[in-house]
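A.B. asks: everything below, folded, please.
(one chain, ligands or ions: 1)
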Amino acid sequence: MTLEGRPTSAAQTSLSRIMTALDTNLLGTVHGGVIMKLIDDVAGAVAQRHSGGPAVTATMDEMTFLEPVHVGDLVHASGRVNWTGRTSMEVGVRVVAEPWNEVRPAAAVATAYLVFVALDEDGAPRLVPPVLPETEEDRRRFAEAKIRRTHRLARREAILASRRQDSAAAGGES
Ligand SMILES: CC(C)(COP(=O)(O)OP(=O)(O)OC[C@H]1O[C@@H](n2cnc3c(N)ncnc32)[C@H](O)[C@@H]1OP(=O)(O)O)[C@@H](O)C(=O)NCCC(=O)NCCS
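C.D. replies: A predicted model of the protein is given here:
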């Protein structure tokens with residue numbers, strides 16, 4: 001069974017927050033975990049909107065901090081579905097910050113990719129609607145997300161194979 005596709009733009013979502021003194025690390029800039037929480041929040045909203053129900057974070061990678069974020073900055077995180085599989089989807093998030101004390105355009109401060117898995121009422125993975133890329137950019141993101149997916153699964157499989165080999169060798173020693 002396949003579900004009807006949904007265009008990329010249907011689930012695009014943005015969240016904004018002003019950074020406060022409670023968000024800082026020991027250096028006085030914003031703690032990376034605060035930005036990661038915002039990223040996970042917006043990506044979760046995208047995944048739920050796209051899949052039409054609950055979805056959980058399975059993995060987050062290529063979390064890149066480009067610039068420090070400061071107290072008072074107005075931070076915007078925007079997310080979109082890059083790629084969909086059977087029950088999983090990759091969400092890409094871009095974070096920009098506007099300084100409160102200067103007139104200059106918002107600057108990119110972080111990016112990340114997250115894989116969400118849609119769940120049914122029993123907590124089992126459920127089918128997601130295929131994403132329908134609409135623009136050249138969407139098609140580029142879809143193709144690049146497929147490459148990341150291949151690498152994620154290959155890395156996971158290689159590590160599991162290595163563990164199996166290690167435990168077989170340890171079993172052979174005893
Ligand atoms: C995410 C979770 C539901 C996946 O369960 P699972 O038993 O591995 O499910 P499956 O093997 O059926 O995989 C489901 C899909 O997720 C993908 N997937 C699972 N783990 C993945 C990973 N680490 N990286 C990339 N994709 C992954 C699979 O490839 C599959 O995709 P597809 O259906 O599009 O082909 C399960 O690991 C879980 O509940 N994790 C906790 C999630 C959570 O609570 N997150 C909040 C943070 S506390």
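A.B. asks: contacting residues for Leu3?
C.D. replies: Each residue near Leu3 by C-beta atoms under 8 Å, 6 or more residues apart in numbering is listed here: 127-130. (Glycine included, C-beta is placed from N, CA and C.)
A.B. asks: by neighbour count, which of these wins?
C.D. replies: Val128 (24 neighbours; other C-beta atoms under 10 Å).
A.B. asks: for the one residue in the chain that gets nearest to the ligand, give its distance to Ile18.
C.D. replies: Nearest residue of the chain to the ligand (C-beta to the nearest ligand atom) works out as Gly85 at 2.4 Å. Computed as C-beta to C-beta, to the nearest Å, the Gly85 to Ile18 distance reads 36 Å.
A.B. asks: please identify which of those two sits among more neighbours.
C.D. replies: Comparing Gly85 with Ile18 by other C-beta under 10 Å, the one with more neighbours is Gly85, at 16 against 12.
A.B. asks: right, and that one touches Arg149 too?
C.D. replies: Yes - shown here, Gly85 and Arg149 form a contact pair, counting by C-beta atoms under 8 Å, at 7.1 Å.
A.B. asks: hmm, the helix or strand in which Thr111 is found in reach of the ligand?
C.D. replies: Using DSSP states H and E, Thr111 sits within strand 107-118. Yes - judged by C-beta under 6 Å from any ligand atom, strand 107-118 and the ligand are in contact via 115, 117.
A.B. asks: just checking, Leu38 touches Ile18?
C.D. replies: No - counting by C-beta under 8 Å, Leu38 stays clear of Ile18, with 11.6 Å between them.
A.B. asks: quickly list what's touching both of those two.
C.D. replies: With C-beta under 8 Å, 6+ apart as the test, Leu38 and Ile18 both reach Val75.
A.B. asks: angle of whichever helix in the chain runs longest against strand 107-118?
C.D. replies: Under DSSP state H, the helix in the chain containing the largest number of residues is helix 136-173. In terms of direction (axes from the mean of the first three to the mean of the last three C-alpha atoms, to 10 degrees), helix 136-173 departs from strand 107-118 by 60 degrees.
A.B. asks: alright, that wraps it up for me.
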